[in-house]
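Whatever this is, show me its structure:
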Amino acid sequence: MSEPEELSVEINGFSCRVWQKGQGPKLGFLAGFGGLPRWIPFLDALARERTLVVPSLPGFPGGERGHTVLDSHLDWVLAIRQLLHKAGLEGADLAGSSVGASFAAEVAAIWPASVRRLALIAPWGLFDEQAPMTDPWAQRAPDVPGLLCADPEHWNQLKAEPEGANSPEWSIVQTRANEAAARAFWPLGNTRLDKRLPLIEAPTLLICGEQDRVMPRRYADRIAAAIAGRTEITTIPGAGHLAELDKPDEVAAAILRWTT
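Now for the predicted structure:
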């Protein structure tokens, strides 16, 4: 994999990394739980056909400590809106995974003209008492990889410290990403997104990993039923919650088909 161009934008006084690679119409991607400490095959698959723009969420890898000044869900949504605008994604197609998918849906709901087409991989933001999502913060560390991916090794590869690195900073950044997600979504990922889903006008694709151990399939059904615009649900066999890690080519193909 070749490396992307790396830029940075300032949000609330903190720097956020923005990766960019490829040619063609812009497509934004907001990362899922744990963020993106490194460029992954899924991103390359998208960048083969589009100009892929990947802004880092505040507090996630590449997002410094920007989460520390976000004290409410509204703070988070406004910061993400500003981040997408500064990354040049106004009016572009937008995709996201888990926590990133939730924010992508919020932006599409509150600022409909800012998103052309939407692709959401297992978005957070809802709560169902009959089938609550699995709380990733309540898990023993050895159990987290198997919770987030059908193949735990895919999570381990994402989070593995780069060869030759010998610094506590890597582990600090990974812990900070978990803290940032908790600050935005604890407890149980419930932001009452369901109240805003009817405002989404962008055609919306919902992507589910067949082996998602975090988010029951009924959440995708509820989201699709609530959105006013056109929706479609696709299930990726052999994929877990972070389907883009387990099946990068299949998930990328679904997003590219939807946003063409």
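
Which stretches in the stretch 151-260 of the chain count as helices?
According to DSSP state H, counting those that start in this stretch, the stretch 151-260 of the chain carries its helices in the segments 152-159, 169-185, 218-226, 243-246, 248-259.

Can you report phi and psi for Ala119?
Dihedral angles of Ala119 (phi, psi; degrees, to the nearest 10) stand at phi -130, psi 120.

List the beta-bridge partners for it.
Ala95, Leu205 (DSSP bridges).

how about stretch 154-172: buried residues?
154-155, 158-159, 170 (16 or more other CB atoms under 10 Å). In this view, the C-beta of every residue, glycine as well, is placed from N, C-alpha and C.

starting at the chain centroid, how far to that stretch?
20 Å (CA atoms, centre = their mean, to the nearest Å).

What of stretch 195-214?
12 Å.

just to revisit the earlier point, same list (the helices of the stretch 151-260 of the chain) but as TSV, adding distance to Ala202.
Converted to TSV, these look like this (distance: least, CB to CB, whole Å):
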stretch	distance to Ala202
helix 152-159	28
helix 169-185	22
helix 218-226	13
helix 243-246	20
helix 248-259	10
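
which stretch among those comes nearest Thr134?
helix 218-226 (11.7 Å; CB to CB).

Please enumerate residues in contact with that closest one?
Here helix 218-226 makes contact (CB atoms under 8 Å, 6 or more residues apart in numbering) with 105, 120, 122-123, 126, 128, 131, 133, 194, 197-198, 204, 206, 208, 231-233.

now the strands: where do they sit in this protein?
5-11, 14-21, 26-30, 51-55, 92-97, 115-121, 204-209, 231-236 (DSSP state E).

so can I have a markdown table of the ones you listed showing mean pLDDT?
Below are these laid out as a markdown table (pLDDT from 0 to 100):
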| stretch | mean pLDDT |
| --- | --- |
| strand 5-11 | 96 |
| strand 14-21 | 97 |
| strand 26-30 | 98 |
| strand 51-55 | 98 |
| strand 92-97 | 98 |
| strand 115-121 | 98 |
| strand 204-209 | 98 |
| strand 231-236 | 98 |
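
Now render the ones you listed as a markdown table, adding mean neighbour count and distance to Met215.
Shown next, in a markdown table, are those (neighbours: other CB atoms under 10 Å; distance: least, CB to CB, whole Å):
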| stretch | mean neighbour count | distance to Met215 |
| --- | --- | --- |
| strand 5-11 | 16 | 27 |
| strand 14-21 | 20 | 26 |
| strand 26-30 | 26 | 16 |
| strand 51-55 | 24 | 22 |
| strand 92-97 | 26 | 11 |
| strand 115-121 | 26 | 10 |
| strand 204-209 | 25 | 8 |
| strand 231-236 | 17 | 12 |
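
I'd like the ones you listed laid out as CSV, including distance to Ala141.
Rendered in CSV, the data for the strands of the chain read as follows (distance: least, CB to CB, whole Å):
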stretch, distance to Ala141
strand 5-11, 30
strand 14-21, 26
strand 26-30, 25
strand 51-55, 27
strand 92-97, 21
strand 115-121, 24
strand 204-209, 22
strand 231-236, 26
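
Tell me which of these sits nearest to Ala79.
Closest approach to Ala79 among the strands of the chain is made by strand 5-11 (5.4 Å; CB to CB).

What are the buried residues along the lowest-mean-pLDDT helix or strand in the chain?
Within the chain, confidence by mean pLDDT, DSSP states H and E is lowest for helix 169-185 among all helices and strands, at a mean of 91. By 16+ other CB under 10 Å, the buried positions in helix 169-185 come out as 170, 173-174, 176-181, 183-185.

Among those residues, which one sits closest to Gly63?
Distances from Gly63 to these, taken as CB to CB, are shortest for Ala180 (7.3 Å).

Brilliant, that's me finished.
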